[in-house]
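[1] Build me a model from this:
(2 chains)
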Amino acid sequence: MPGKLKAKIVAGRHLPVMDRASDLTDAFVEVKFGNTTFKTDVYPKSLNPQWNSEWFKFEVDDEDLQDEPLQITVLDHDTYSANDAIGKVYIDIDPLLSSEAATVISGWFPIYDTIHGIRGEINVLVKVELFNDLNRFRQSSCGVKFFCTTSIPRCYRAVMVHGFVEELVVNEDPEYQWIDRIRTPRASNEARQRLISLMSGELQRKIGLKVLEMGGNAVVGYLQCFDLEGESGLVVRAIGTACTLDKLSNTYTPATAINPCNSSPSKDIKDSPQAVPSALGCRSTHSSPVHSASSRLSQGFSVSVPTLLFAGMKHRHRSSDGPRARQCRAGFGEEAPGVPLSSGPPTPLRAQTFSSFSPSKSYSRQSSSSDTELSLTPKTARICLSPSSPTLQSKSSPIPTTKALRSTTPPPLHVSQSDTAMLRKSVSFSEDLLLAASGMGSGGSAGKEAGPLKALLRQQTQTALEQREFPFFTLTSFPPGFLLHVGGVVSARSVKLLDRIHNPDEPETRDAWWEEIRQEIKSHAKALGCHAVVGYSESTSICEEVCILSASGTAAILSSRFMQDSALDTEHRLSRQQASVFTSGAEKGEGDMGSTASLGFEDLMSPGCAFCHIPYDELNMPFPAQLTYCHCCRRYKVPDVLFTTIDLPTEANVTGKGCLIQARLCRTKKKAQGEGNATAISNLLPFLEYELHTQLMNKLKLRSMNALFGLRIQISVGENMLLGLASATGVYLTALPSPGGIQIAGKTPSDITYEQHISNMQKKINDTIAKNKELYEINPPDLVEEVIGSPIPEPRQRSRLFRSHSESSDEVSELDLSHGKKDAFVLEIDDTDAVEDIHSLLTDAPTPPGFYSCNTEIMPGIYNWTSALQMFTSVRVFRLSNVNLTNQGLNKVFNDLCENLLKSLYFKLRSMVPCCLCHVNFTVAVPEDELIQVAVTAVAMSFDKDQTQENGRQSIDKNLMKAITENEDQLQFPLELSAESSSNPLNSAKGLSEVSGPLPSARAPSVDYSSFTDRCSSWIEQLRLKAHTIRCGSIKTMSSLEKASPLPEGRSRSLRSNRSYAGSSVTVVKMTPLSFIPGTKIIKYLGIINMFFIRETTSLREEGGVSGFLHSFIAEVFAMVRAHVAALGGNAVVSYNMKECVFMENPNKNQAQCLINVSGDAVIFVRESELEATPPQPHSASAQTSSSGEGT
Amino acid sequence: MSMELDVFVGNTTIIDEEVYQLWLDGHSVSDAVRMRLESDALSECEASGEVLHSDTMDQYRTFQMCERLLHCPSKLANQLLFQIPAHRQAMLIERYYEFDHTFAREVLGKKLSKGTKKDLDDISLKTGVALKSCRRQFDNFKRVFKVVEELKGPLVENVQHHFLLSDSLARDYAAVVFFANSRFETGKRKLQYLSFQDFAFCAGQLISYWTVGAVDNMMEDMDVDLEKEFLHDLKDLKVLVNDKDMLDQHKSLVCYQLKGKIKAFSEMEANFKNLSRALINIASKLTNTKDVRDLFIDLVEKFIEPCRSDKWTVGDLTLFLTHYTSTAHTLEMFRFQILWERYMGVIKSCILKMYHD
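    From the prediction side, this is the model:
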């Protein structure tokens, strides 16, 4: 009985009229937790009842506390008939279970009804008294913190990153139960909402248990998804990264440490001189054939389809996967032909930390997580490696150690040898890229950079990671020094036929499916010479009984720094030390990158480019790529193009700005059933993926960029079509070579008009490239193309190429491989398809002036964000009335849909210019036969156009903010001001001289005035100046009002008084899909927000049609999220994500239904300026923001 | 092929003031899109009709959803559905309650009932204000009227407090409420030349000086009705015209003061008794509700028109009324100084406001 939950119902307001006769309501409240229900008294005849109830106490298990939501139902009392429900509030009390999160939930919650929407509000107080339970067999995991944020949360420090955690729970969907036929829609919806709430609670608890078992205390990058499988059930699954986090005690860390705009390469990158080459790639497959995976998988259908880029490791069985992968790992041990340790010996401390290394507990994955297995934790393996020699001592020797041993003394087996045998038709898809690899390296330089130390370090991490079944990380950005090299994108898809889940307690089939895909991903990563996958995510698309499972991530090599096993005391201490080194390093700020490149040892960790260096062996390139020496350090090889799913590392050297790049594709499919359908889909998938990739490449080239970050490929299946949407942020990485142009070649050179046409097109493309270069400010320093190695592939490579070509020749003829056999960036116009392609390439409308967009957290090249931000969700559904559309037609429709949507967004947000749409997240779906649904969630953030020096800028801003907050009472709209005025009253002469330059000309008179005054008295003058600008600001915002009706002076005064009278009651809650809010510091994480809502209507027309219905529903969801955050004491949601938006309509019946699932982290933030002035206080913080409001 | 559904929802509700005005003015979506396309302001955005249509639809939906809240403006501040910065809320409310003076002029003094609402299409035709907008404005009048009708305390403050309006707008509403409550006659042909502002000014004068709240400033007092006692006492002023001596003395005093100062002196001298009688008669009749309603028409017919036909200038009128009022104090037999002052103060400013073409 380890927990006591207490709830108090205070009051209600704005209740709906339930009694038509009196126009009033007799409301009372039922409070339910588990099976216990309490009731308040009836508060008669009021729309604003004051119940002020006693404390209702529930004595419950902490397991239930984690699983169950508190359910509050508001009802209208009826003497003669049944009581009518007004609506409900579900409160997730999980945030109260962690000592570091919220302590009380108190506030106004919207009363929600699935049929009527929000109907009034209720004020509730909830507390939990938790007793410590030390029972080691407990099944609860209270206290494990969950974060949706895919980076280390801002006020924490990563002590250890344990790795991948996953879990799924299944159940029958109440909507499809027999009882649904006699239930009201409301009852069904509520049953569903409640069940999903329960399931996600259970899921979270189980994941928490796994984390505790691994020795962690938090899950970062927690991604929970629902699969509405219809008849076959409901799956709730989650993945995340288990970590041990330490709260930063000092909340006064310099602003630079938390400002994401300040890239902060930590000095302790020097601790890890493992800079190794790395490279490009994008690699994907669709599930391997596991027909025999399980007997229950009788209907299970899986297809294997060729990869896009890399042919190796295709048709393989999981069983054979493990050992061989380890062998190829071994190849890296070899690559060190004994270059002396010229790179400076590590300090003793470092040597020690590196040498005494032990892999984490070989954590055994419990697929269906029967909790009784907890006691069966495997023994810990402990391996010691000495820095000088790769000998290995095992202190205790359970099985994992032998594995590790094998990996350090490898049989020199070549990957390619085994791979070539595996080559099948899949090669055909990679052909163009294979051919593009004309500059395949000679390998002469391979040994140069590989020192024994490096190899050793790598082995350590490898072993650490290899202990794990899945060395996956859901993180997309990392503590400095953690991410060493990036290989490229790895992805896998699998088409499955859904069958009924018979036993909800054993979700084995679903578990097996995911395991299969993860294995696939893991093997791809290995083929790329990487031992880990970062930026990992999973998704599904379901249509009827067919389900596409997808997983993708970025193959990478990680530093072992955050991965040692905390179970060992000494190491633990050491790693702690290291961690503190890391944080102090992070505080150091930027500035030293790049400059060190010329020195021998130093350049090994030139942080701006190290992650681009290829991680795989140049001789055994997993896929063809054109390698050059890194343009930053000139020492290591880099690929010509790099695709990743992660955020741009803060230390990356980027030239110019980035932009959102999307590839969109639509393919018709014949309607089919069951296996036939699955086959059809899986046959289409590779084409889809190939074309998406080609589009991405072309668009990237067109923008003269060479890398993609945050790549997300979504494939949605409908009854008669497949949609593919790839979004990423293109950038120009300074380290990578400049991309060549795009050349167009025609097939029929004899025709002169045709030639003319082609050359016109070529001209257009060249113009576009030039324009884009200007637009994105891409003017890299002198670029001398030096392709390393012979332009002709080595014999071995060539033979491989040749063979693959011949093997796949039949397929080639079937496919549209117009880009094949040429340089990758020659577009050949041989049919209308290609013409269309090029057209679509050119018709991508450029973003309007003042706008930038990206789907990563921040835009490279923009530093001076203001705090004005606007998060939004936009949904569009397009009906294709013409059923017999061709692929081309479909493509155009889909492309226009996305383009128009973007155009609309730019128009909507025009008042925020200059601004950047960050984290633009598109979701596509095919809800019905002829419907295409696109949903976008993103945040628009304004920035200062003046490209003042970042640092100077910041101090100015900071002072300005301080000034503003100190003079708050004079201000009506501090926000607008902070963006406009750059005067700085607190800094004296020096500040003034800095400031007077970039002031906008609009205020020039006043500026001149102050700058002419005696510097000594400038302080006073500046105050005056500020007062002036403040007045300017307020007048400006009022001006439009004034224009409409000239009003006397007294008016604005009275308005203001009104505002203070009325505006105080609702806290302003900011929402953003990013992990931070510019200009602020997050001082506390209050817990995860994970909400699921259903809304249904039987009076669609009356509610303004489908648009009106969805508009109000989304607004309601926002309102409920904000209310929950405010009740936790927070003032913002970060990492907000709308994961699901399922919309169904039946206009003939005047009905519609929509399901929305959102998540995020509730936080308290304070403005950086306040932080310096006063100690952070949550309440003052919220008051502050409520007064400042959000920019528009 | 068609866009089935198209929504945009921001965490902070985006409000385009221009579109809001179009919506308030009762334009349909397609009209609004056309007008926006034609306006220069958006030409720099290169917005296509499609984009504008989508945006306009979206804004209109938002406004429709907000409308419910705007009916009770204090709700807008503590509702949770839309996150709107305080200054935008103030703008939304202010604009929603703003009204066309031409429209208000038509409704002024009429009963705010369903009957009047039925006539709105005529008013719409006459004033050129869209019917939709007329309905909104009429409903606003009715809503404000209903709320403040029974409330105690100063009328303007009540309006301001409950509807969070600016001072000037609250005053206008007070005028509308006051006129609707007392049902002043404003529709006669002879009154057509008067604008809403003229009446609103007069209403302000009446509220400030002739209601119960005007004298003893007690918060419990009602501000909507004229003070009965005061109206009753006005009968006492009859002495000024009934007493022949007093009337003559009054006339000679006024003439003495105005001699050489006004152009229409001779006309004034000739008409003094009629004018004075007109003003005093109006005062003495105000006990009767019917005559209260006719206050403005009486003022025009009995006083303003004679002056106008004699071509008095505004300056003449001002001087005359000033001295007409002040000289009464010097009359030995006249004992109703305070009453006189209270009556003439309002009458003087009303007449001056109303004295134009």
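
[2] Let's see stretch A:11-29 as CSV, backbone CA atoms only.
    Taking C-alpha atoms only, stretch A:11-29 is exported to CSV below (Å, rounded to 0.1, in the frame of the first residue of the first chain):
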residue,chain,number,x,y,z
ALA,A,11,-15.1,24.8,-8.2
GLY,A,12,-16.5,24.9,-11.7
ARG,A,13,-17.1,27.6,-14.1
HIS,A,14,-18.7,28.3,-17.5
LEU,A,15,-20.7,25.1,-17.2
PRO,A,16,-23.2,24.4,-19.9
VAL,A,17,-26.9,24.9,-19.3
MET,A,18,-28.3,21.4,-18.5
ASP,A,19,-31.8,22.4,-17.4
ARG,A,20,-33.6,24.2,-20.1
ALA,A,21,-36.3,25.3,-17.8
SER,A,22,-34.2,27.3,-15.4
ASP,A,23,-31.2,27.9,-17.8
LEU,A,24,-29.0,26.5,-15.0
THR,A,25,-27.3,23.3,-13.9
ASP,A,26,-27.3,21.3,-10.7
ALA,A,27,-23.8,20.0,-10.9
PHE,A,28,-21.9,17.4,-8.9
VAL,A,29,-18.7,15.6,-9.4
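
[3] Determine if any part of it is in contact with chain B.
    Yes: looking at stretch A:11-29 against chain B by CB under 8 Å from any CB of the partner chain, the contacts come from A:Arg13, A:His14. (Each C-beta comes from the backbone N, C-alpha and C, glycine too.)

[4] Check which residues of that stretch are buried.
    Neighbour counts over stretch A:11-29 (16 or more other CB atoms under 10 Å in any protein chain shown) mark A:11-16, A:18, A:24-29 as buried.

[5] quick one: which of the residues you listed is nearest to B:Val9?
    The nearest member of the buried residues of stretch A:11-29 to B:Val9, counting by CB to CB, is A:His14 at 20.6 Å.

[6] which non-adjacent residue is nearest that closest one?
    Distance criterion CB to CB, 6 or more residues apart in numbering or on different chains; nearest residue to A:His14, sequence neighbours excluded, is A:Gly120 at 4.4 Å.

[7] Could you do B:Lys238 as well?
    B:Ser284 (5.1 Å).

[8] who's in contact with the one you found?
    Applying CB atoms under 8 Å, 6 or more residues apart in numbering or on different chains to B:Ser284 gives the contacts B:Leu234, B:Lys235, B:Leu237, B:Lys238.

[9] With B:Leu112 instead?
    Going by CB under 8 Å, 6+ apart, B:Leu112 touches B:Phe138, B:Phe141, B:Lys142, B:Phe145, B:Ala180.

[10] my read is it is in a helix, agree?
    No: read with DSSP: H, G, I helix; E, B strand; the rest coil, B:Leu112 is coil and lies in no helix.

[11] Apart from its neighbours in sequence, what residue is nearest it?
    Spatial nearest neighbour of B:Leu112, chain neighbours left out: B:Lys142 (4.6 Å); criterion: CB to CB, 6+ apart.

[12] go on, A:Ile1088?
    Per CB to CB, 6+ apart, closest to A:Ile1088 is A:Phe146, 4.3 Å.

[13] Hmm, the one you found is touching A:Gly240, no?
    Yes: between A:Phe146 and A:Gly240 a contact is recorded at 7.5 Å, counting by CB atoms under 8 Å.

[14] overlap in contacts of the two?
    With CB under 8 Å, 6+ apart as the test, A:Phe146 and A:Gly240 both reach A:Ile207, A:Val219, A:Tyr222.

[15] which one of these sits closest to chain B?
    Nearest to chain B among the shared contacts of A:Phe146 and A:Gly240, counting by CB to the nearest CB, is A:Tyr222 at 21.8 Å.

[16] That closest one looks like it's in a strand, true?
    Yes: counting by three-state DSSP, one finds A:Tyr222 located in a strand.

[17] That one: neighbouring residues, count only.
    A:Tyr222 has 26 neighbouring residues, counting by other CB atoms under 10 Å in any protein chain shown.

[18] Just want the phi and psi numbers for the residue nearest to A:His14.
    In terms of degrees, to the nearest 10, the main-chain angles of A:Gly120 are phi 80, psi -180.

[19] ok, it - contacts?
    Contact partners of A:Gly120, counting by CB under 8 Å, 6+ apart, are A:Gly12, A:Arg13, A:His14, A:Leu15, A:Pro16, A:Leu47, A:Val74, A:Ile86, A:Gly87, A:Pro110, A:Ile111.

[20] part of a strand, is the residue nearest to B:Lys238?
    No: counting by three-state DSSP, B:Ser284 falls outside a strand, being helix.

[21] how close does whichever residue of the stretch 251-357 of chain B sits closest to chain A sit to A:Leu684?
    The minimum distance from the stretch 251-357 of chain B to chain A, using CB to the nearest CB, falls at B:Lys353 (17.6 Å). With distances taken as CB to CB, to the nearest Å, B:Lys353 is found 80 Å from A:Leu684.

[22] still on that earlier bit, in a markdown table: the contacts of B:Ser284, plus secondary structure.
    What follows is these, written out as a markdown table (three-state DSSP):
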| residue | secondary structure |
| --- | --- |
| B:Leu234 | helix |
| B:Lys235 | helix |
| B:Leu237 | helix |
| B:Lys238 | helix |
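
[23] Could you report the pLDDT at the closest residue to chain B within the stretch 351-500 of chain A?
    Chain B sits closest to A:Thr476 of the stretch 351-500 of chain A, with a gap of 22.5 Å, by CB to the nearest CB. A:Thr476 carries a pLDDT value of 90.

[24] these two touch, right, it and A:Val533?
    No: assessed by CB under 8 Å, A:Thr476 is found out of contact with A:Val533, at 11.8 Å.

[25] Which pair of the contacts of A:Gly120 spans the longest distance?
    Within the contacts of A:Gly120, A:Leu47 and A:Pro110 form the most distant pair, 15.1 Å apart (CB to CB).

[26] which one of those two has more residues nearby?
    A:Pro110 (24 against 16).

[27] Specify the beta-bridge partners of the more buried one.
    Beta-bridge pairing for A:Pro110 (DSSP bridges): A:Glu121.

[28] Outside of the helix or strand encompassing B:Ala200 itself, which residues are in contact with it?
    Secondary structure from DSSP states H and E places B:Ala200 in helix B:196-210. Helix B:196-210 has contacts (CB under 8 Å, 6+ apart) with B:101-102, B:104-105, B:108, B:155-156, B:171-172, B:174-175, B:178-179, B:184, B:186, B:213-214, B:223, B:226-227, B:230-231, B:296, B:342, B:345-346, B:349-350, B:353-354.
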